[in-house]
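# next input, structure requested:
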Amino acid sequence: MPGMVYVGLHTGPTDQNNMLTEPGFINGGMFEKNKTFPINGPTIAITVDNIKASLEKIKAEGGEVLTDIMPVADMGLYAYVRGTEGNVVGVWQNIKKM
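Take a look at the predicted model:
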């Protein structure tokens, strides 16, 4: 999210740009806590082929889209959603192949 502190975390080797150099590793990051940000703990992300279509389906099924779609560098698109049981997850669409 614009203006928020984010620190990337990786479990595998990275290059000079802090990008993973091998597939198959767990990676992610942490945001600085913020009262206006919808996330306050660990969150998983689900990779989808089409983030716009996925968000529309989530809304149609009674879920709530918590953030606009955010570009993450040139790697992907991301949004947070809340399901009908109150669980918050991330929705991720790759735009750059590893």
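
# check what pLDDT residue 4 gets.
On pLDDT, residue 4 comes in at 68.

# an error on my part: the question was meant for residue 75.
For residue 75, the pLDDT comes out at 82.

# could you shift the numbering so residue one becomes 32, and keep it that way?
Okay, residue one is now 32; in that scheme the one you just asked about reads as residue 106.

# how many residues are close by it?
Residues near residue 106, counting by other CB atoms under 10 Å, number 15. C-beta: built from backbone N, CA, C; applies to glycine.

# confirm for me that it is in contact with residue 126.
Yes. Between residue 106 and residue 126 there is a contact at 6.6 Å, judged by CB atoms under 8 Å.

# how much space separates the residue nearest to residue 46 when sequence neighbours are not counted from residue 111?
With CB to CB, 6 or more residues apart in numbering as the criterion, residue 46 has its nearest non-adjacent residue at 5.2 Å, and that residue is residue 52. From residue 52 across to residue 111, the span is 28 Å (CB to CB, to the nearest Å).

# same question for stretch 75-94: list its buried residues.
For stretch 75-94, a neighbour-count test (16 or more other CB atoms under 10 Å) marks 79, 82, 85, 86, 89, 94 as buried.

# and residue 90, that one's in a helix?
Yes. Counting by DSSP: H, G, I helix; E, B strand; the rest coil, residue 90 is found in a helix.

# how about it, what does it touch?
Residue 90 sits next to residue 96 when contact means CB atoms under 8 Å, 6 or more residues apart in numbering.

# could you do the one 3 residues further on as well?
Residues in contact with residue 93, defined by CB under 8 Å, 6+ apart, are residue 115.

# can you pull the pLDDT of residue 120?
Looking at residue 120, its pLDDT stands at 94.
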